[in-house]
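Q: can you look at this prediction? I've put the sequence above it.
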Amino acid sequence: MQDRIKPLEGVRNFRDFGGYTTASGQKIKHGLLYRSGHYAEATAEDMAVLEGFGIVLQVDLRRPDERERQPGKWPGETAQVVVNDGGREQDAPHHRFLQKVEANAETASEWMNDYYRQAPFKPHHVALYTEWFDRLAGLGETEAAVINCTAGKDRTGIACALTKHILGADEADIVSDYLLTNEAAGVAERLPEATQYFNEMLGKNYDAEVYQPFMGVRERYLHTAINTIKAETGSLDAYLSDVLDVTETKRDALKARLLSED
């Protein structure tokens, strides 16, 4: 797992999500698929490292208000950046929840679980997930892409799970890659400092357990997204084709460039 995580100073949760073996016995290529949090705090050293990954496409899943508050320092002209200006909000939905409700660990976890029920069908996400697969299918053989949001765990986690599903990864590997966020983002180490920060910002005195669902990931959240997709559309494949316009032609193109026999 460690070779997937690319430690950077100011970019959290940056990692390669290739390398998994598929049901066909092929392997998802390393060095072409990346995922991460935002780039607002990227250092000069980070940007030099990032330039070495050959990334020509960034799909930024953040809302406009997020991008305005934390404008990315990377990439420059080396990559095409895809964003969506729909769904304008003034603050993060989970901030509103934590301000308006007297939360505890259980209600916080249930809020996040409910978010995963909604996330696959939010118009903003649908538009960008569609762009991700459309543009990813059209890249050159050695051209890499990255998909990110603020923390690189929820919106990004769903997109990466769908990508690996298309490529034939099994459920255990899809879940394993999703849960790797907890290590890659250093959730346990960062939680005490984050708790103090959010309590001061929100004027609350919550325990760290209240913030953990918003800092890390839990397996049941991803299962909730997948089960909701299946309940609403019939299957992951139906969601991909009917909602995200991932045609058989695009699937074939993705497999042709992202799978290897090694």
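A: Okay, I see it.

Q: what ranges does the stretch 101-250 of the chain have for its strands?
A: In the stretch 101-250 of the chain, the strands defined using DSSP state E, counting those that start in this stretch lie at 144-148.

Q: and the closest residue to Ile147 other than its chain neighbours, which of the three is it?
A: Distance criterion Cβ to Cβ, 6 or more residues apart in numbering; nearest residue to Ile147, sequence neighbours excluded, is Val59 at 4.7 Å. No exception for glycine: its C-beta is placed from N, CA and C like everyone else's. Three-state assignment for Val59 (DSSP: H, G, I helix; E, B strand; the rest coil): strand.

Q: how close does Val59 get to Lys153?
A: Going from Val59 to Lys153 by Cβ to Cβ, to the nearest Å gives 15 Å.

Q: which one's more surrounded, those two?
A: Shown here are Val59 and Lys153; by other Cβ atoms under 10 Å, Lys153 has more neighbours (28 against 23).

Q: correct me if wrong: the more buried one contacts Glu183.
A: No: if you go by Cβ atoms under 8 Å, Lys153 and Glu183 don't touch, sitting 11.6 Å apart.

Q: in terms of pLDDT, where does the residue nearest to Ile147 sit?
A: Val59 is assigned a predicted lDDT (pLDDT) of 98.

Q: so Arg35 sits in a strand?
A: Yes: assessed with three-state DSSP, Arg35 lies in a strand.

Q: check contacts around it.
A: Arg35 is in contact with Asn13, Phe14, Arg15, Phe17, Val146, Ile147, Asn148, Gly152, Thr156, Ala159, Cys160, counting by Cβ atoms under 8 Å, 6 or more residues apart in numbering.

Q: wait, the fifth one sits on Val56?
A: No: between Val146 and Val56 there is no contact, the gap being 9.7 Å when judged by Cβ under 8 Å.

Q: can you get me the start-to-end distance on stretch 10-21?
A: End-to-end span of stretch 10-21 (Cα to Cα, to the nearest Å): 31 Å.

Q: how about the contacts of Arg35, which pair is most distant?
A: Across the contacts of Arg35, the longest distance by Cβ to Cβ is 15.1 Å; it joins Phe14 and Ala159.

Q: stretch 39-57: which residues count as buried?
A: Buried residues in stretch 39-57, counting neighbours by 16 or more other Cβ atoms under 10 Å, are found at Tyr39, Ala40, Ala42, Asp46, Met47, Val49, Leu50, Phe53, Gly54, Ile55, Val56, Leu57.

Q: what about the stretch 1-150 of the chain, any weak spots by pLDDT?
A: In the predicted model, the stretch 1-150 of the chain carries pLDDT under 70 at residues 1-2, 87-101.

Q: run through the helices of it in chain order.
A: Using DSSP state H, counting those that start in this stretch, the helices assigned to the stretch 1-150 of the chain run over residues 44-51, 64-69, 93-100, 105-118, 123-137.

Q: pick the most deeply packed of those.
A: Across those, the average number of neighbours (mean count of other Cβ atoms under 10 Å) peaks for helix 123-137, which reaches a mean of 19.

Q: got the angle for that helix vs strand 144-148?
A: Here helix 123-137 points in a direction 170 degrees away from that of strand 144-148 (axes from the mean of the first three to the mean of the last three Cα atoms, to 10 degrees).

Q: how far does helix 123-137 sit from the chain's center?
A: 13 Å (Cα atoms, centre = their mean, to the nearest Å).

Q: report the mean confidence score over stretch 244-258.
A: Averaging pLDDT residue by residue across stretch 244-258 gives 98.

Q: tell me how far that stretch lies from the chain's centre.
A: Relative to its chain's centre, stretch 244-258 lies at 20 Å (Cα atoms, centre = their mean).

Q: that one: which residues count as buried?
A: Neighbour-count burial for stretch 244-258, with 16+ other Cβ under 10 Å as criterion, is recorded at Leu244, Val246, Lys250, Arg251, Ala253, Leu254, Lys255, Arg257, Leu258.
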